[in-house]
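> what follows is a protein structure lacking sequence information:
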């Protein structure tokens, strides 16, 4: 290209050959001062955008170098297919051809993925709606789609891209996909093992050869990530069995020419089996040698275990963290004697400096007040760092239920070696609910409900709720308000008002209707991090409606005490709760002892004691053993009778599955279950992930063993009198409401028992 000396009357074009990687050559005979800049060809892009990238301004001297720089700068923006620079008099004319915008990205033939998942993947390579279309990125996009399918073992997936021109300089991109079939693992083999069978080792893997259940679990679909995880499981297994020299020599993954069969061969070297020898703590032990030695989970003569070694290091670091040494370093140095197959350990401890917490920063609480969060903290500012208190503080904030995420980050203070800041980062979630719902259960049939609840009223942490529930059996209207910090010491206060109506005929318990209206107030006092005691009082007015067809015991009760009676109740309870979740616990205990007494101020005089114990034991990952025991004792006070509508019942979900709800225990002359003042319940459940479904503790399968029954006041409680059942079920906290399904098989049924093997509850909102 040449810039003519007579530039005022000639037109110079500089085509963009730089786009092809060819340097732009400009032979300049002269230069001139730019008096104006004109941009032609813009349709979507604002002229100001061009001027912001153009390295030439009005008043600059235009020459060969600046011409080349201008072309390169505009082309490198990625906005243009072509760029030309022309000179017309003292005016610099920039002519561009815009690249089209991507209007839509669509897929045809996809079944394996959700379209949004693929769109997000393509966005990473520059192909997404509203972005500028660059043809050079199409091949990358196709490769990314194929990579996504490779992660699902679809090695034969084919992708074809169709680009259609649309009006207003836009294009639509359609990816036509032939997914093909998923490749399956035809052979998974371990070579080099002698002390353990291949079957035993392969049981550790999540991957497996194709089987009759593979269509559900998809464990025969190869992925690099899954194989890496399985190899780590294999390595950990050998290290925990004493094989300190264990090594995975080679891993071969071969895909058959048909792209349908995968062959995996793993070559291992077991090595020798070692035992622990002497274990010595060295370094700065802070005068706590006996205390730190107690944390060592290793004994001389034990089989070498990498897991115990790691746990020992973590125990010591955690303990030092509790004393303020936030950055303690525990370095394990093994001394391996292969002749004797003994490993001596030297555990060197460097606690570093003891640090203080300078400041606790709370981030992300746009709605919740700082004080609501800070009152849950057990770590204080200007105090020694305590890892245990910090973790406890995080858990307490999380248990508030106001946040989606709660994370703690410890940061050193710049310029200080003995101070840290604690950042608590929260992500708030909506805590107000307006719910209109409908549901169905094996007990209540159709259920309609409405509830308004605000768990974090105006960010104060207080809870208010109004609930309306209706079914054939139970109709409830209630209002409650809870202030978890009624006093600065953490004393809680709850007030409630309610009106409940129970139609017993729908439960096959006889033709009578019970209405209870009342109000109550209670206070809770924390006595430790996991313990509370509660005291309260309430008033209940009970109305019992009977007719000639009602059970004789209710008719007799009304004749003796009338249709209406009052109860002035006082109650107290002790609660210990260390569960990791109140909704789907996997670890911890719940212990509850409660007493309720109806005082002589009302027509009803009685007492009722209840003790419940729940234990949740984690077994490996995603497996939980749950134990539950409950005993209830009710009796009259004074000369009154124990109110028959206060009886306890058993049978059905929550007590003994496989038997009809509330059907166990004594019966009257009409063969109607009467309930009884005393009840004994025991449950054992084993929760595990549903095969083939992503592991989620809110969606679990379980097996169970139930036992229970109710007993009259003058009846001896015998274990032989309990009813037993066993079965399986599914528990799911679904997006549309809680679901629990069980199939129970009675073990020792009697002729008079009513059975109901399939029982469920499900709710949904609309």
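Great, that's in hand. Predicted model, so just to flag it, every value in this text is computed and none were measured. Numbering: from 1, shown residues only.
> switch to C-alpha atoms for all contacts and neighbour counts from now on
Fine.
> how about the strands in the stretch 601-750 of the chain?
Here the stretch 601-750 of the chain has its strands, by DSSP state E, counting those that start in this stretch, at 606-618, 624-636, 658-659, 678-689, 699-711, 723-734, 737-746.
> deepest of those, which one?
strand 658-659 (a mean of 28; mean count of other Cα atoms under 10 Å).
> and the helices in the stretch 151-300 of the chain?
Listed in chain order, the helices found in the stretch 151-300 of the chain under DSSP state H, counting those that start in this stretch are 198-202, 214-217, 224-240, 289-293.
> the strands of the stretch 601-750 of the chain: which one's closest to residue 555?
strand 624-636 (19.3 Å; Cα to Cα).
> show me what that closest one is packed against.
strand 606-618, strand 678-689 (3 or more Cα pairs under 8 Å, 6 or more residues apart in numbering; DSSP states H and E).
> got JSON lines for those strands, with distance to residue 400 and mean pLDDT too?
Below are these laid out as JSON lines (distance: least, Cα to Cα, whole Å; pLDDT from 0 to 100):
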{"stretch": "strand 606-618", "distance to residue 400": "21", "mean pLDDT": "95"}
{"stretch": "strand 678-689", "distance to residue 400": "26", "mean pLDDT": "94"}
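> same list, these, but as JSON lines with distance to residue 204 please.
Formatted as JSON lines, the helices and strands packed on strand 624-636 follow (distance: least, Cα to Cα, whole Å):
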{"stretch": "strand 606-618", "distance to residue 204": "18"}
{"stretch": "strand 678-689", "distance to residue 204": "16"}
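> quick one, grab the pLDDT at residue 48.
Per-residue confidence (pLDDT) for residue 48: 86.
> from here on, call the first residue 19.
OK, 19 is where the count begins now, so the last one is residue 66.
> name the SS class of it, please.
Following DSSP: H, G, I helix; E, B strand; the rest coil, we place residue 66 in the helix state.
> that one and residue 474: what is the separation?
As judged by Cα to Cα, to the nearest Å, residue 66 and residue 474 stand 48 Å apart.
> what of residue 109?
Residue 109 is 66 Å from residue 474, by Cα to Cα.
> thinking again about what came up before, who has more neighbours out of residue 66 and residue 474?
For the pair residue 66 and residue 474, the greater number of neighbours falls to residue 474 (22 against 9), based on other Cα atoms under 10 Å.
> got phi/psi on the spatially closest residue to the more buried one that is not a sequence neighbour?
With Cα to Cα, 6 or more residues apart in numbering as the criterion, residue 474 has its nearest non-adjacent residue at 5.3 Å, and that residue is residue 480. For residue 480, the backbone dihedrals (degrees, to the nearest 10) come out as phi -80, psi 150.
> repeat that for residue 241.
Given degrees, to the nearest 10, the pair of backbone angles that residue 241 has is phi -150, psi 150.
> what about it, how many residues nearby?
Neighbours of residue 241 (other Cα under 10 Å): 14.
> also residue 306?
10.
> what do you get for residue 331?
As a measure of burial, residue 331 has 20 neighbours, counting by other Cα under 10 Å.
> quick check: it touching residue 351?
No - with contact defined as Cα atoms under 8 Å, residue 331 does not reach residue 351; the gap is 11.5 Å.
> show me what contacts residue 558?
534, 535, 536, 537, 584, 585, 586, 587 (Cα atoms under 8 Å, 6 or more residues apart in numbering).
> next, format the residues you listed as TSV and append secondary structure.
Converted to TSV, the contacts of residue 558 look like this (three-state DSSP):
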residue	secondary structure
534	strand
535	strand
536	strand
537	strand
584	strand
585	strand
586	strand
587	strand
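> for residue 144, see how far away residue 74 is.
Taken as Cα to Cα, the span from residue 74 to residue 144 is 29 Å.
> I misspoke; the intended subject was residue 265.
For residue 265, the distance to residue 144 - Cα to Cα - is 42 Å.
> ok, the contacts of residue 558 vs residue 227, which is closest?
residue 534 (61.2 Å).
> could you check the pLDDT of that closest one?
Residue 534 is given a pLDDT of 90.
> the residue nearest to it when sequence neighbours are not counted: neighbouring residues, count only.
Leaving out its chain neighbours, the residue that sits closest to residue 534 by Cα to Cα, 6+ apart is residue 560, at 4.5 Å. Residue 560 has 21 neighbouring residues, counting by other Cα under 10 Å.
> repeat for the one 4 residues further on
Under the neighbour criterion other Cα under 10 Å, residue 564 is assigned a count of 19.
> who wins for proximity to residue 99 among the helices and strands packed on strand 642-654?
Here strand 696-707 is closest among the helices and strands packed on strand 642-654 (Cα to Cα), at 54.0 Å.
> which elements pack onto the closest one?
strand 642-654, strand 717-729.
> quick one: these as JSON lines, columns for distance to residue 610 and mean pLDDT too.
Converted to JSON lines, the helices and strands packed on strand 696-707 look like this (distance: least, Cα to Cα, whole Å; pLDDT from 0 to 100):
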{"stretch": "strand 642-654", "distance to residue 610": "9", "mean pLDDT": "94"}
{"stretch": "strand 717-729", "distance to residue 610": "19", "mean pLDDT": "93"}
